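1. Structure, please.
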Amino acid sequence: MVVGPEYGAVLSLAFGVTRRDLVRVRRSAGALLVGFTLAVAGALLLSLGVRWAALEPELYALGVRPVSNLIDTPNWFSFIVAVLAGVVGVVSLTEARSSTLIGVFISVTTIPAASDVGLSLAFGSGSEAWGSFLQLLLNVTVLAAVAIAGLPVQRLVWQRAVRRGRG
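-> Just a heads-up that it's a prediction; the model follows:
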């Protein structure tokens, strides 16, 4: 199974919550915080380099940023995508045939938002950075919530399947 680099920490957080393991919860939350902080910092540094070298497209420099606008304006569709990504992630735990597509589906909810925080900061757009940060927070929270709700359900399904196999 291949999932986004952040999903291991999200799952660990969910396991910690469902098993009431506060140490695991703290460690996982810390890994998410450090990981996304490094991602934002990396995007910021790269974007500052692009800006310093005057390599940004002219329209982008003028504020025409259609892709950023999709990322920095969370809405109900953002929520729905995050829920679906969370469901795919939980289901992928039991699927031996999981693919890279699952990792892409999960990462598409988090990595662009983290990158856009750094990019927006580099180009002096605090409101876009804030919107992207809210998008990232929404996505990570929903991924974790779906995993927290889905893991016990998944456990029950597997327990029933094992009982049926024995009987």
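2. Give me the neighbour count for the residue nearest to residue 21 when sequence neighbours are not counted.
-> With sequence-adjacent residues excluded and distances taken as CB to CB, 6 or more residues apart in numbering, residue 21 is closest to residue 15, at 7.2 Å. C-beta: built from backbone N, CA, C; applies to glycine. Residues lying near residue 15 (other CB atoms under 10 Å) number 16.
3. now swap in the one 4 residues further on and tell me
-> Residues lying near residue 19 (other CB under 10 Å) number 11.
4. buried set for the one helix or strand residue 83 maps to?
-> In the assignment (DSSP states H and E), residue 83 maps to helix 76-92. Neighbour-count burial for helix 76-92 flags 78, 81, 82, 83, 85, 86, 88, 89, 90, 92 (criterion: 16 or more other CB atoms under 10 Å).
5. worst-scoring helix or strand of the protein, pLDDT-wise?
-> Using mean pLDDT, DSSP states H and E, the weakest-scoring helix or strand in the chain turns out to be helix 100-107, at a mean of 62.
6. That one: what's the following helix or strand?
-> Helix 100-107 is succeeded, C-terminally, by helix 111-122 (DSSP H and E).
7. Give me the pLDDT for the spatially closest residue to residue 45 that is not a sequence neighbour.
-> Spatial nearest neighbour of residue 45, excluding adjacent residues (CB to CB, 6+ apart): residue 118 at 7.6 Å. At residue 118, the model reports a pLDDT of 96.
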